[in-house]
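*Asks:* predicted structure and sequence below. I'll ask about it afterward.
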Amino acid sequence: MPSSRIALLQSSGRPGDTVRNLEYVAGAAREAAAGGAALLVCPEMFLTGYAIGADVSRLAEPADGPSAEAVARIADEYGIAVLYGYPERAGDGEGTRVHNAARLIGPDGSSLADYRKTHLYGGFEQEWFTPGDTPVVQADLGGLRIGIMICYDVEFPENVRAHALAGTDLLLVPTAQMHPFEFVAESVVPVRAFENQMYVAYVNRTGPEGEGETGPAFEFVGLSCLAGPDGITRARAGRGEELLFGDVDPELLRASRAANPYLRDRRPGLYGSLG
Ligand SMILES: [NH3+]CCCCC(=O)O
């Protein structure tokens, strides 16, 4: 089976401006499709911005809300699958809650998967979001088993191992990774790919965002990457806005899994509660 090209949109868009961010998605989808990509991956909370405080509630939408319909039209227009992060409003009345979510749309505009961030990071997220309870969400696309998680989720080895045991070939990780956690982008992500024998596409926001007491609330570090199952990073962005391309090669997956049979050599009976 031939390689699949994917495009990673490293950008913070315009926080608080969903309409402008949908325009970003459309422009990136057009450029990604022209570059031969079958899939465009956008960062965590890309549609609304990440450090938007109480605006999260105002800007949150149902999974199949107006922005989802707009992205579906974009995907269908350019014939490219799109994954994007956004705040999802779920439930009604007293049961209304907001999730830090990601939706995968197929190249025909159909909905392929919905994921809710299961490990919320820091006070901001724990104040405004309800965590999801489904750690392994997958979809089949272009002959690959796609998995989805969001930023902090990938820092828990159990989470990524659960995807490996479920057969994920390409793990998509929309992200809002800030300074001083460059180490995660540079070292943890390639190790997660190698120890689980899968590709990991880690797609980050860039630059300052939000207002803190003495300056920006966050300084996002970019450094998006496509890490291969052999631990070699196949594509790496800088720290600024960038549309990064990378190729996912099923033959490399097969050869790397044969050469690094971690999943075959596991001994769950020795691992107790981790087994
Ligand atoms: N290293 C912890 C930072 C995680 C940020 C996030 O999950 O958006």
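*Replies:* That came through fine. Numbering: from 1, shown residues only.

*Asks:* end-to-end on stretch 221-228?
*Replies:* 21 Å (Cα to Cα, to the nearest Å).

*Asks:* ok, and does it reach over to the ligand?
*Replies:* No. Using Cβ under 6 Å from any ligand atom, stretch 221-228 stays clear of the ligand, coming no nearer than 10.2 Å. Every C-beta, even on glycine, is put in place using the N, C-alpha and C of the backbone.

*Asks:* what is the rounded mean pLDDT of that stretch?
*Replies:* Mean pLDDT, computed over stretch 221-228, is 98.

*Asks:* numbering from 4 from now on, please.
*Replies:* Happy to do that; since the first residue is 4 now, the last one works out to stretch 224-231.

*Asks:* list of residues touching it?
*Replies:* 9, 11, 13, 178, 180-182, 184-185, 188-189, 192-193, 195-197, 202-210, 236-243, 245, 247, 249, 251, 255, 259 (Cβ atoms under 8 Å, 6 or more residues apart in numbering).

*Asks:* from these, keep the buried residues only.
*Replies:* 9, 11, 13, 178, 180-181, 184, 188, 192-193, 195-197, 202-209, 236-240, 242, 245, 247, 249, 251, 255, 259 (16 or more other Cβ atoms under 10 Å).

*Asks:* could you find the closest non-adjacent residue to Ile149?
*Replies:* In this structure, Ile149 finds its nearest non-sequential neighbour in Ala142, 5.0 Å apart by Cβ to Cβ, 6 or more residues apart in numbering.

*Asks:* do Trp131 as well
*Replies:* Leaving aside its chain neighbours, Trp131 sits nearest to Val59 (4.6 Å; criterion: Cβ to Cβ, 6+ apart).

*Asks:* and the one you found, what element?
*Replies:* In this assignment (DSSP states H and E), Val59 forms part of helix 58-62.

*Asks:* name the helices or strands packed onto that helix?
*Replies:* Packed against helix 58-62, as judged by 3 or more Cβ pairs under 8 Å, 6 or more residues apart in numbering; DSSP states H and E, are the following elements: strand 84-93.

*Asks:* ok, then the element right after the strand it packs on?
*Replies:* Where DSSP H and E defines the elements, the next helix or strand beyond strand 84-93 is strand 100-108.

*Asks:* quick one: contacts of the helix or strand Asn24 falls within?
*Replies:* Using DSSP H and E, Asn24 maps to helix 21-37. Helix 21-37 is contacted by residues 10, 12, 14, 16-17, 43, 45, 49-52, 62, 70, 73-74, 77-78, 80-83, 85, 87, 246, 248 when judged by Cβ under 8 Å, 6+ apart.

*Asks:* likewise stretch 95-102?
*Replies:* 59-60, 63, 90-94, 119-120, 131-135.

*Asks:* filter these to the buried ones?
*Replies:* Neighbour counting with 16+ other Cβ under 10 Å marks 59, 63, 90-93, 119-120, 131-133, 135 as buried within those.

*Asks:* I'd like the residues you listed as JSON lines, with pLDDT and distance to Tyr265 appended.
*Replies:* Converted to JSON lines, these look like this (pLDDT from 0 to 100; distance: Cβ to Cβ, whole Å):
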{"residue": "Val59", "pLDDT": "95", "distance to Tyr265": "38"}
{"residue": "Ala63", "pLDDT": "98", "distance to Tyr265": "39"}
{"residue": "Pro90", "pLDDT": "98", "distance to Tyr265": "36"}
{"residue": "Glu91", "pLDDT": "98", "distance to Tyr265": "34"}
{"residue": "Arg92", "pLDDT": "98", "distance to Tyr265": "39"}
{"residue": "Ala93", "pLDDT": "97", "distance to Tyr265": "36"}
{"residue": "Arg119", "pLDDT": "98", "distance to Tyr265": "28"}
{"residue": "Lys120", "pLDDT": "98", "distance to Tyr265": "26"}
{"residue": "Trp131", "pLDDT": "95", "distance to Tyr265": "37"}
{"residue": "Phe132", "pLDDT": "97", "distance to Tyr265": "33"}
{"residue": "Thr133", "pLDDT": "98", "distance to Tyr265": "34"}
{"residue": "Gly135", "pLDDT": "98", "distance to Tyr265": "27"}
